[in-house]
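Trainee: fold the following.
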Amino acid sequence: MTDIDSEFVSIPVPKRHLTRVYGFIASLDGAESTPQARVGVNGDGKEKEWTPELIRRQFLESPDTIKRFEKLLADHEGTWLSTSNIAQALGAARGAKTIAGALGAYGRRVSNRYRMSTWPFENRWIHEEKQQSYCMPSEVAEIIKSL
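Mentor: Next comes the predicted model:
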């Protein structure tokens, strides 16, 4: 087992609660004091930032759903969009579950391939709406819009 494998555990979750569990886990990252859109952690534990080159690379290597997701956030830079609004705008087949599933896979790729502990956009859990919301800062949005 590698070091990265030992950081994760498998926990059975009823399907009806999966989206909320994803949201809760994402909200834990949002509680950190480090701005999420800017800083990650290398495999050696040292901080590194999302560089323009890395932002471009992750976008170009992403599946269509994530590309459309990031383009939508870029088009609404600085605005918080809820998972349900994003799902509706993208015409997601299974609604918010489609977005949650795509972001789950994306999160693993960001961690394993790019060695980043954050996404190049911000996220937070909205308790009143019981869903996740996302926002892309303008410096990241400008890069995404250029692609």
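Trainee: from now on I want contacts and neighbour counts done on CA atoms only, so please keep to that.
Mentor: Noted.
Trainee: what ranges do the strands span in the protein?
Mentor: 39-41, 47-49, 81-82, 122-126, 131-135 (DSSP state E).
Trainee: now the residue most central in space within the chain: how far from residue 105?
Mentor: By CA atoms, centre = their mean, the chain has its centre lying nearest to residue 119, at 4.9 Å. Counting by CA to CA, to the nearest Å, the separation of residue 119 from residue 105 is 12 Å.
Trainee: check residue 127 too.
Mentor: Counting by CA to CA, the gap from residue 127 to residue 105 is 23 Å.
Trainee: least trustworthy helix or strand in this structure by mean pLDDT?
Mentor: Counting by mean pLDDT, DSSP states H and E, the weakest-scoring helix or strand in the chain turns out to be strand 39-41, with a mean of 48.
Trainee: how far does the longest helix anywhere in the chain sit from its chain's centre?
Mentor: Counting residues, the longest helix in the chain under DSSP state H turns out to be helix 96-112. Centroid separation for helix 96-112 versus its chain: 7 Å, with CA atoms, centre = their mean, to the nearest Å.
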